[in-house]
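>>> what follows is a predicted protein model with its sequence.
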Amino acid sequence: MAKARKQKPEGGAGGGATVLHQKLCLSIDMENQLIYGYTEIKVLLAENDTFALHADSMTIRNILVDGEAAEFEYSPHWKNVDGQPSWLSVSCPKTAADAACSAYISSLTGESVPNLIISSERSVKSTTELPEGENGEHHEENGGNSVQFSDDKAVKICNGSGEGNDKEEEKENKEEDEKENEKEEKTEMETEEKEREKDKDKETEEGKEKETQKEKEKEREENEEEKEKKDVSENEKDKENEMQIENEKVKNTKLVRVDYILEKAETGVHFVNNVLHSNSQIRRAHCWFPCIDSATQRCPFDLEFTVSTDLVAVSNGDLLYQVLSKEDPPRKTYVYKLNTPVSAQWISLVVGPFEVLPDKNGISVSHMCLSPTLSKLENTISFFHDAYSCYEDYLAAPFPFGLYKQIFLPSEMVVSPTSFGASTCIFSADILNDEKVIDQIIGTRIKLAYALARQWFGVYTSAEEPNDEWLLDGLAGFLTDLFIKRYLGNNEARYRRFKANCTVCQFDVSGATGLGSPAASTDLYGTQTFGSYGKIRSLKAVAVLQTLEKQMGPDFFRKILQMIVASTRASRTLSTKEFRHLANKIGNLERPFLKEFFPRWIESCGCPIMRLGISYSKRRNMVELAVSRGCTAKAEPGSDSHTDGDIQEGATGWPGMMSVRVHETDGVYDHPILPLAGEALQVVELQCHSKVAAKRFQKTKKGSKPDGSDDNVDASTQENRMSMDAPLLWIRVDPEMEYLAEIHFHQPIQMWINQLEKDKDVISQSQAIAVLEKLPQLSFAVINALNNFLNDTKAFWRVRVEAAYALAVTASEVHFFKLDTDLAGLLHLVKFYKSRRFDADIGLPRPNDFHDIPEYFVLEVMH
């Protein structure tokens, strides 16, 4: 039978080969912007003898397979220009955009195909043939006649010469003796028979007992022998299978060495003055070293980089040693080892005259920058041990890569503000700050904390498929929020999360923000993480995970994260399906809830919209809550009800039950009675626990109006009189922010004022300011409430800034000349600024006071 012809791999990463280990030995010539050297890749081949690598923008000098020269085909991607759209068809902006999109997608598709095809075919001799007679059995057949032995009776006839008389006497004597013997024998036989009968009875009894014991022993021995035989046979089979697998692996394992030169690279690695740095994300690793540039291929790396003695080479893993060569001029080789398997996109290299600053708090972290920014670096990274210890404590796991290295480069040198790598991260030096500049402290700390969190979730633990990348991004953001809560304050964490959720609800309107849908992940080749939509996806991923944490409880969610990063875990990839299983098994979330939650939040787009209003029934002492449900995603014409996750009329909605918190005069009561799913319009009743206080009848004063109002009385008193008809202070929907939803709630103005003045939650205060600011007419009661909140130094500074902006709105063109309160807000702002920053003696503003940082931020927005 003819063998099937071997074909070259098409489109598969590595052509079915598996990378077991890769070594990279490079020499960097900074003057000529030249990189040259080799890489050794230990691969396990599949059934065929050819495999493929990704390589671009380089010159391949030679390829060896197991020390022997191998044939290869190399076609750089930039040469493959077939199938590009014709730009002659462009006639308008729309067709130009379509053509550009088509060209970009075809380019992304083309570069994902391996373009360095290597053949490992060679004459293979069997190494398992053994010499004759060795490990064989030889059977010899002995020929010859068969020998048979038989016993023949020998009859001897003796012819004697005795006389006859003697014979007769002898016969008589014999007869007498025989008679006597017969008698004696009879008597003996009788006695023996009696004794034998007795002995037989005893023997039968003893024999029966012995036989039963022997039978039992035999059964035991037989069972034990059978068990031993089975165990031995199973062990032998397992050993044989293991030996076969190992032998097959040894036969199919190849060591590939690729010698190459990289001249004036334009992507993947960048030369700027005397600094070199790499940016390997989104399939750019193969632009500076041959590899299987796929997230599914992970292996350990050995890295060696030779540079000038005045430069420092920073790469992944632990620095084993440095070697000084005997060349003229001498050069230095930095040897790194990365034992943790990672994909090629996380390999990074930075070369330059860096100042190295080890962390002073006893953690395995090194910070590096160029000399001009060293003082800023020392001030910026003073907090970093807090984030490092926070993550290790929460995850109950040490940093997975040994030594962590942060490199800060000038902004004109870097391609992107942040570039991640295994145990390394490259930042723009713009985020560094000195002691006198505090405006960007919070933002810088959050960026550095997020980059550290990505080392656990994203690099060490990677996504199993492109559809699962949202999960790793969300877990890194969740870990960053944990740091913000612990070290920047609970108010900062809740305020940022509230604003992030509002942003997601505003822009989550199309399929581009679907977290796990193929159209928004796999089909975009990794570009879904770029731009504004990438930011929205990240914020949404964190919000969805926080919803799960609130459903299962923080302790169970923490156990899941600890299990994911545990060193004993077999796989270093994570899928949405596995995380869903952990949420059910460890988080104790019911399967029906998860079955509805994941498709709705992960595979679809859009967020729920809840529009609510209240009406109080004094007779029943009950609040009627009217609910209108909707979705932020817009339904496309001609699409079905589930396309792109758009919920139309009759759809099920989102799983979960919202809570309504009612602040009454006698206490606070939570009512978890508002389902996210249900009819588009619904009325929910809430029973009040407090009662309306009896009102005293008051006579009308002179000068008062017929309706009871007074020209000299603030309009807020009228609202106070109206609010006395109900025992309600204010009402909040989803106060703990358990769900990602856009909530529009309507309640009387006085209840919003009560919420601003009496509720200590920053989200509640921000919601109240947002509603009061948008009122068409601002009464004195509203302006006074905003001004009082601005002057409250105990309030959170970010919400005070919102109150200042709301006061400024009262003097805008929208509200100008409408009420007597036109300039009241502006006058309050001027008074507030003068009381804190103006020096009346010299008539000039005072210098900034950095002792009270929140107060500084509030005053800063008024400049």
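That came through fine. Model, not experiment: these values are computed from the prediction.
>>> worst-scoring helix or strand of the protein, pLDDT-wise?
In the chain, no helix or strand scores lower on mean pLDDT, DSSP states H and E than helix 715-723, which sits at a mean of 49.
>>> what about the nearest residue to residue 566 once chain neighbours are set aside, neighbour count?
Distances taken as CB to CB, 6 or more residues apart in numbering put residue 397 closest to residue 566, at 6.5 Å, once the chain neighbours are dropped. Using the backbone N, CA and C atoms, a C-beta is placed for each residue, glycine as well. Neighbourhood size, residue 397 [other CB atoms under 10 Å]: 17.
>>> what residues are up against the most centrally placed residue in the chain?
Nearest to the mean C-alpha position of the chain, by CA atoms, centre = their mean, lies residue 472 at 2.6 Å. If you count contacts by CB atoms under 8 Å, 6 or more residues apart in numbering, residue 472 has them with 457-458, 461-463, 574.
>>> how far away is residue 588 from residue 559?
To residue 559, residue 588 is 11 Å away according to CB to CB, to the nearest Å.
>>> more crowded one of the two?
residue 559 (16 against 11).
>>> now do the helix or strand that contains the more buried one: everything it contacts.
In this structure, residue 559 is located in helix 554-565 according to DSSP states H and E. Residues from elsewhere that reach helix 554-565 (CB under 8 Å, 6+ apart): 394-397, 400, 456-457, 460-461, 475, 479, 548-549, 569, 574, 579, 582-583, 586-588.
>>> now a PyMOL select for only the buried ones of the residues you listed.
Burial among these is assessed by 16 or more other CB atoms under 10 Å; the matching PyMOL selection reads:
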select buried, resi 395+397+400+456+457+460+461+475+479+548+549+574+579+582+583+586+587
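>>> in helices, which of the contacts of helix 554-565 appear?
394-395, 456, 475, 479, 548-549, 579, 582-583 (DSSP state H).
>>> hang on, the earlier thing: including distance to residue 862 and pLDDT, could the contacts of residue 472 go into a markdown table?
As requested, those are exported to a markdown table (distance: CB to CB, whole Å; pLDDT from 0 to 100):
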| residue | distance to residue 862 | pLDDT |
| --- | --- | --- |
| 457 | 40 | 96 |
| 458 | 40 | 93 |
| 461 | 46 | 95 |
| 462 | 47 | 92 |
| 463 | 46 | 92 |
| 574 | 47 | 94 |
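>>> in the stretch 601-750 of the chain, where is pLDDT below threshold?
In the predicted model, the stretch 601-750 of the chain carries pLDDT under 70 at residues 635-652, 693-724.
>>> pLDDT below threshold where in the stretch 51-200 of the chain?
Residues of the stretch 51-200 of the chain meeting the criterion pLDDT under 70: 78-89, 121-188, 190-200.
>>> helices or strands up against the helix or strand harbouring residue 594?
If you go by DSSP H and E, residue 594 is part of helix 591-601. Using 3 or more CB pairs under 8 Å, 6 or more residues apart in numbering; DSSP states H and E as the contact test, the elements touching helix 591-601 are helix 531-552, helix 576-585.
>>> kindly export the first one (C-alpha atoms) in PDB.
Listed in PDB are the C-alpha atoms of helix 531-552, where the atom choice follows Å, rounded to 0.1, in the frame of the first residue of the first chain:
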ATOM      1  CA  GLY A 531      -8.500  52.000  21.900                       C
ATOM      2  CA  SER A 532     -11.700  53.000  23.700                       C
ATOM      3  CA  TYR A 533     -13.500  49.700  23.200                       C
ATOM      4  CA  GLY A 534     -10.600  47.900  24.700                       C
ATOM      5  CA  LYS A 535     -10.900  50.100  27.800                       C
ATOM      6  CA  ILE A 536     -14.600  49.500  28.000                       C
ATOM      7  CA  ARG A 537     -14.100  45.700  27.800                       C
ATOM      8  CA  SER A 538     -11.600  45.900  30.600                       C
ATOM      9  CA  LEU A 539     -13.900  47.900  32.900                       C
ATOM     10  CA  LYS A 540     -16.800  45.600  32.100                       C
ATOM     11  CA  ALA A 541     -14.800  42.500  32.800                       C
ATOM     12  CA  VAL A 542     -13.900  43.800  36.300                       C
ATOM     13  CA  ALA A 543     -17.600  44.700  37.000                       C
ATOM     14  CA  VAL A 544     -18.800  41.300  35.900                       C
ATOM     15  CA  LEU A 545     -16.300  39.500  38.200                       C
ATOM     16  CA  GLN A 546     -17.200  41.800  41.100                       C
ATOM     17  CA  THR A 547     -20.800  40.800  40.600                       C
ATOM     18  CA  LEU A 548     -19.800  37.200  40.900                       C
ATOM     19  CA  GLU A 549     -17.800  37.900  44.000                       C
ATOM     20  CA  LYS A 550     -20.800  39.500  45.700                       C
ATOM     21  CA  GLN A 551     -23.000  36.600  44.700                       C
ATOM     22  CA  MET A 552     -20.700  33.900  46.100                       C
END
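>>> any idea of the angle it forms with helix 576-585?
20 degrees (axes from the mean of the first three to the mean of the last three CA atoms, to 10 degrees).
>>> just say which of the helices and strands packed on helix 591-601 is most tucked in.
Among these, helix 531-552 has the highest mean neighbour count (mean count of other CB atoms under 10 Å), at a mean of 20.
>>> pLDDT on that helix, on average?
Averaging pLDDT along helix 531-552 yields 92.
>>> which other helices and strands contact it?
In terms of contacts (3+ CB pairs under 8 Å, 6+ apart), helix 531-552 is packed against helix 469-483, helix 490-507, helix 591-601.
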